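*Asks:* Quick one, structure for this:
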Amino acid sequence: MQERIEGVPGRYWSRQPDGRIQCDLCPRLCRLQEGQRGLCFVRARQDDQMVLTTYGRSSGFCVDPIEKKPLNQFLPGSSILSFGTAGCNLTCKFCQNWDISKSRETDTLADQASPETIARAAKEMGCRSVAYTYNDPVIFLEYAVDVAKACRAVGVKNVAVTAGYIGAEARREFYAHMDAANIDLKAFSERFYEKICGGKLAAVLDTLKYVKHHTSCWFELTTLLIPGENDSPEELDAMTKWVVAELGPDVPMHFTAFHPDYKMTDLPPTPPSTVRLARDIARRNGVRYAYTGNVHDEDGGTTSCHSCHAPLVVRDWYVIRDYRVTDDGRCRSCGAKVDGVFDGAVGGQGRKRVPVRLATFR
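*Replies:* The predicted structure is shown next:
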């Protein structure tokens, strides 16, 4: 007997001549017979339509410092309410959240919340924004967009933490509702994307250019450096030159250290020297704001003025030690405009992550 798949109607799909329906949400273009699920596991064909099976269901909620996303130039020091669901549309062998993103058990989703409940909870807890994270929000687009609308209605901003693996039509809707994003640029070779992630680099580069040139969404890039896979000086040189040429020098880049996980436990952790070298290469190629992550490096976590090079936001891990940006987002030393979103209010979330249950907000 065929499994009955419950879910809410999904968008971005088309009928094919062979009777299957094609999910057009992402470049994977899964073609499904009745009762089948896509690779992401959460989008499925039921009753001759596409359904999203995780709408309103979360793997958990936490209040984080926004720097954990990581976003260093979007409301620094503020608190953000973070949540995800289950599944993913990439198959990264190094996934740091594999227990969530690779989950095939939607019954393990621990918390339920309507879009209005999430928005109200964020507002009442003093969170400036909500993050769609832990697994890629692209695959729960309908839920993320509804939450984003509810958040904007109460003055809460929206942040996507994503790999940018999304189709052209869907990304127009998705990024129209996001105020900021951290997008993974996992490597700068098709070989890496195909072998390690089960995807295509070109599709991600298209997303980056779209977000930069056709939206008002502030975004920063993250590359997890994996020894022997994507950390060569030659690849980092090519990547950072492409970013400056195609996106501009003002897009911040975060280079973070890998630790063995999921299907890549046979590799060593990334040496701190590799992460610092990546930052040096980026800066040499014209990237204004280059950061290190997953290593203790106060200099690599500090936002400096691109004009006079004075320290603007000094961080020790996720704790802000000094803040020298004016209320209108300018360097206090030379008056140059600082790229990003600054409004004069610096939060005090610190490095702690606080799990929350939303039942009390219903």
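*Asks:* which stretches of the stretch 101-250 of the chain have low pLDDT?
*Replies:* Applying pLDDT under 70 to the stretch 101-250 of the chain flags the ranges 101-110.
*Asks:* Please, where are all the strands along it?
*Replies:* With strands called from DSSP state E, counting those that start in this stretch, the stretch 101-250 of the chain shows them at 111-112, 129-132, 157-162, 180-184, 218-225.
*Asks:* closest to residue 55 out of these?
*Replies:* Distance to residue 55, taken as C-beta to C-beta, is lowest for strand 111-112 among the strands of the stretch 101-250 of the chain, at 10.0 Å. The C-beta positions use only the backbone N, C-alpha and C, and glycine is treated the same way.
*Asks:* before we move on, back to that, can the strands of the stretch 101-250 of the chain go into a markdown table with extra columns for mean neighbour count and distance to residue 342?
*Replies:* A markdown table is the format used below for these (neighbours: other C-beta atoms under 10 Å; distance: least, C-beta to C-beta, whole Å):
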| stretch | mean neighbour count | distance to residue 342 |
| --- | --- | --- |
| strand 111-112 | 14 | 32 |
| strand 129-132 | 26 | 14 |
| strand 157-162 | 26 | 13 |
| strand 180-184 | 24 | 12 |
| strand 218-225 | 23 | 11 |
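*Asks:* List the contacts of residue 21.
*Replies:* Applying C-beta atoms under 8 Å, 6 or more residues apart in numbering, we find residue 21 in contact with 13, 14, 15, 31, 32, 45, 48, 49, 50.
*Asks:* CSV please, covering those residues and showing distance to residue 221 and neighbour count.
*Replies:* Shown next, in CSV, are the contacts of residue 21 (distance: C-beta to C-beta, whole Å; neighbours: other C-beta atoms under 10 Å):
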residue, distance to residue 221, neighbour count
13, 30, 22
14, 31, 12
15, 37, 11
31, 32, 17
32, 32, 19
45, 34, 24
48, 40, 9
49, 36, 13
50, 30, 24
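*Asks:* Give me the subset of those residues lying in strands.
*Replies:* Cross-referencing the contacts of residue 21 against strands under DSSP state E gives 13, 14, 15, 31, 32, 45, 49, 50.
*Asks:* The fifth one contacts residue 46, correct?
*Replies:* Yep, that's residue 32 we're talking about. No - if you go by C-beta atoms under 8 Å, residue 32 and residue 46 don't touch, sitting 9.6 Å apart.
*Asks:* now residue 153: how far from residue 177?
*Replies:* To residue 177, residue 153 is 12 Å away according to C-beta to C-beta, to the nearest Å.
*Asks:* Span of stretch 69-80 from start to end?
*Replies:* 9 Å (C-alpha to C-alpha, to the nearest Å).
*Asks:* Tabulate the strands of the stretch 101-250 of the chain (JSON lines), appending distance to residue 278.
*Replies:* Below are these laid out as JSON lines (distance: least, C-beta to C-beta, whole Å):
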{"stretch": "strand 111-112", "distance to residue 278": "37"}
{"stretch": "strand 129-132", "distance to residue 278": "25"}
{"stretch": "strand 157-162", "distance to residue 278": "20"}
{"stretch": "strand 180-184", "distance to residue 278": "15"}
{"stretch": "strand 218-225", "distance to residue 278": "6"}
